[in-house]
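Q: coordinates only, sequence not included:
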């Protein structure tokens, strides 16, 4: 499961917004049954404004355009106190169109360099707070222009991703242009030099909260000059000189909280700070290796100062701040939020603690540091859940992202830690996440949906999510106009759809249509959405009923469109997988034919077999394999260049994964059912790679390679090619040594085709060009092949059961032989009339071994209840097989196995009641 760090929540202003009240019963409100028409233009103004406050800026502007009254209400200052631009791209044109509404704007959140460049076009000179993320490409010039246009700025936060192109020059500009600055938090600056920090100390006299987080270098001595600072974080910052830190920072007169989490801070430096600083109350040092390895430091008494570390109980320590108030330790954050009369200083400490804890916990979760299981299980999960109740929206988002991240232990294989997932469930985390997912704030919706998605990898969590109504919530979020919300919701449906028990519920909630609509809605520029939507549809398509729903709502066209047009490998892989699953229900619905008939589908899948990405090649080959079961698709795939592409794929995948090898051989197996395709595969050089694949260590590859060689061997020219390419030893090895009964069976049938006499005639004619350059001993190969065919048949011959069957024709005796000889999977094989005719001819072959092999094969194909037994019985009857079978059963010189198997085939034909009286 991919761990992506995103923060996106719209923030409302300080004005109180009273939530709408809803009638508790039908008599108090409008009844839907009365079908009364609501005149929206007559709603009270305050009600309309409340509705507007729950919309993002684009929806708000769209709604304002409906009438003159709403246009007036839509520009009410209280609606434009804060603005979140993260949900959509915001360029200069968009920003300029919003300028008339932003006269009183005080809080702004944005994402990325393009939105940063556009901020000045808002002309919101009264901005007090600016917060941005995805700031890697923001330059000194851009940031300098922003602060120059917003001189009353009090808070500037950029991160948590690294601001790689911002230098100390921009920090000097901030200091000079924003003298009222109170809070400055920047992440990932390469170097914060002394001149920049001294400029802050000189010009920003009210600067109380500083964060230089994950920076490479920070001037420690200069920070000691910012005497106004109360809260300071250098979490994750490297190259710190801790001797200078303890010497200069201990003199800061107002320093109340210090965060050195994820640094190489040494115990002696902190001890000096604790003993020297008069003002320091709280020091946060999470995931500091040097401290955690010093047992003596962990047991020290810090003289009333609080140390938050991995080895300490964070809840207990924070609760000690409220010594005069009775609080349950685990509820300390929630109890503090409920206090009516809050102490201002404590309130500032707690607000800062929420912020730095959410940030550090997320960073620790992202790093997936080993050895932290005890921390996460004992308090880490509970801390994240507690922080999700914060009134600070960015804290809520980071906490939700932290929950989505800390449970993941292997991104590549999408595996999560079961104990951590259980900790979330045990503390009521699923219900909390689902409630947050219902929030009107889109950023919180996205982060909550991401957490639900990651946690749902666990079957227990998936069950809990479904029981709590999470499927309906995710299906609704998948309809969001916010791409990031829709993406995370689709990811949740993807993980939930792994469970067979959830597929029907997703369909009932409208999830299938929502996922298909996402593909059309975000067909350009939404690779993350598309991959998750296609992945979820692939899982759902594996269910017969859901696969029909996918087709009904336009899923075939949507998925083919992705396969044809999308360049993202993840999307291509999932689209091909979805098409493969849709085509896997050939006997129960017409999706196989529908996919093949969709314009460009087969050509796109053939092209994807040439992808440089193995997963794409594997799924495309799997789709072609499934599609090849339809006669029209089989020929159309060949016409689209499928033979050449699949032979090339088989050549290239000798060192690939077993999954790719299986599907490449399987697709050739499916195509080779057609005589024309079989000949084309042989001429294209498909024999050699199939022989190579038959030597694979994987049973599944054995089966598909053996199946393809069996089909190819039906043609004498291909049979000779198999001999010339060294295929006889490979097939003999499969026939005698594979753990797969099916592989052994089909290898034996391939050998039987090759040495029933037809290849000999072909070799004598000399039409094979290769035969002119290779010396082939057909007689020696034949003797060896027949020996192993005989050994294979005898492995299914129980001497005691055969003796009983020979002595008596009682049904019970024959049934016992059938059960011991039956290969269950062989019932799925479907033979053509020509193939059945070939086996009938073998019953007349002079070789007793081939007679026994033919009778054994026909037994497998006609066992009552098998998938194609009636089809095969009909073909046998039409070919006059009963007469030949009776002759074989009565032949004095025939081996006992051939006689008994022939009797059983006759009885099978009688069961199907298709043998006429003779």
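A: Okay, I see it. Everything quoted here is computed from the prediction, not taken from an experiment. Numbering: from 1, shown residues only.

Q: List the buried residues in the longest helix seen in the chain.
A: Taking DSSP state H as the criterion, the chain has its longest helix at helix 344-367. Using 16 or more other Cβ atoms under 10 Å as the test for burial, helix 344-367 gives 348-366. Where you see a C-beta, it was placed from the backbone N, CA and C, and this is true even at glycine.

Q: How far off centre is it?
A: 30 Å (Cα atoms, centre = their mean, to the nearest Å).

Q: Which other helices and strands does it contact?
A: strand 231-233, strand 257-259, strand 282-284, helix 314-319, helix 332-338, helix 381-387, helix 393-406 (3 or more Cβ pairs under 8 Å, 6 or more residues apart in numbering; DSSP states H and E).

Q: can you tell which of these is closest to residue 647?
A: Residue 647 lies closest to helix 393-406 among the helices and strands packed on helix 344-367, at 44.0 Å (Cβ to Cβ).

Q: got the angle for the closest one vs helix 344-367?
A: 30 degrees (axes from the mean of the first three to the mean of the last three Cα atoms, to 10 degrees).

Q: right, and the helix or strand after helix 393-406?
A: Downstream of helix 393-406, the next assigned helix or strand under DSSP states H and E is strand 408-410.

Q: mean confidence for that next one?
A: Strand 408-410 comes out with an average pLDDT of 81.

Q: cool, stretch 531-546 as well?
A: Taken as a whole, stretch 531-546 has a mean pLDDT of 96.

Q: Which stretches in the stretch 1-150 of the chain count as strands?
A: For the stretch 1-150 of the chain, the strands defined by DSSP state E, counting those that start in this stretch occupy 82-84, 107-111, 129-133.

Q: any chance of these in TSV, with distance to residue 540, mean pLDDT and mean neighbour count too?
A: Below are the strands of the stretch 1-150 of the chain laid out as TSV (distance: least, Cβ to Cβ, whole Å; pLDDT from 0 to 100; neighbours: other Cβ atoms under 10 Å):
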stretch	distance to residue 540	mean pLDDT	mean neighbour count
strand 82-84	33	87	23
strand 107-111	32	92	24
strand 129-133	33	94	22
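
Q: so where is the stretch 201-350 of the chain shaky, pLDDT-wise?
A: Across the stretch 201-350 of the chain, the ranges flagged by pLDDT under 70 are 298-301, 324-327.

Q: which residues of it fall in helices?
A: Assigned by DSSP state H, counting those that start in this stretch, the stretch 201-350 of the chain shows helices spanning 220-223, 242-248, 267-276, 289-292, 295-298, 314-319, 332-338, 344-367.

Q: Domain map for the protein?
A: The domain map for the chain lists 45-79, 321-459, 480-640, 660-763+777-795, 796-917, with the assignment taken from the TED database.

Q: With distance to residue 161 as added columns, please give the ones you listed in CSV.
A: What follows is the domains of the chain, written out as CSV (distance: least, Cβ to Cβ, whole Å):
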stretch, distance to residue 161
domain 45-79, 22
domain 321-459, 11
domain 480-640, 15
domain 660-763+777-795, 36
domain 796-917, 52
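
Q: and residue 668, what pLDDT?
A: Here the pLDDT value assigned to residue 668 is 97.

Q: Could you say which helix or strand holds it?
A: helix 658-671.

Q: Run through who's touching the next helix-or-strand element following that helix.
A: Scanning forward in sequence from helix 658-671 by DSSP H and E, the next helix or strand is helix 675-683. Residues outside helix 675-683 that contact it (Cβ atoms under 8 Å, 6 or more residues apart in numbering) are 634-635, 638, 643, 647, 668, 671-672, 687, 708, 711-712, 714-715, 717-718, 721, 834.

Q: In helices, which of those appear?
A: Those of the contacts of helix 675-683 lying in helices (DSSP H): 634-635, 638, 643, 647, 668, 671, 687, 708, 711-712, 717-718, 721, 834.

Q: Are any of these buried, and if so which?
A: 634-635, 638, 643, 647, 668, 671, 687, 708, 711-712, 717-718, 721.

Q: Mind picking the two most distant members of those?
A: Longest span within those, Cβ to Cβ: 635 and 721, 22.4 Å.
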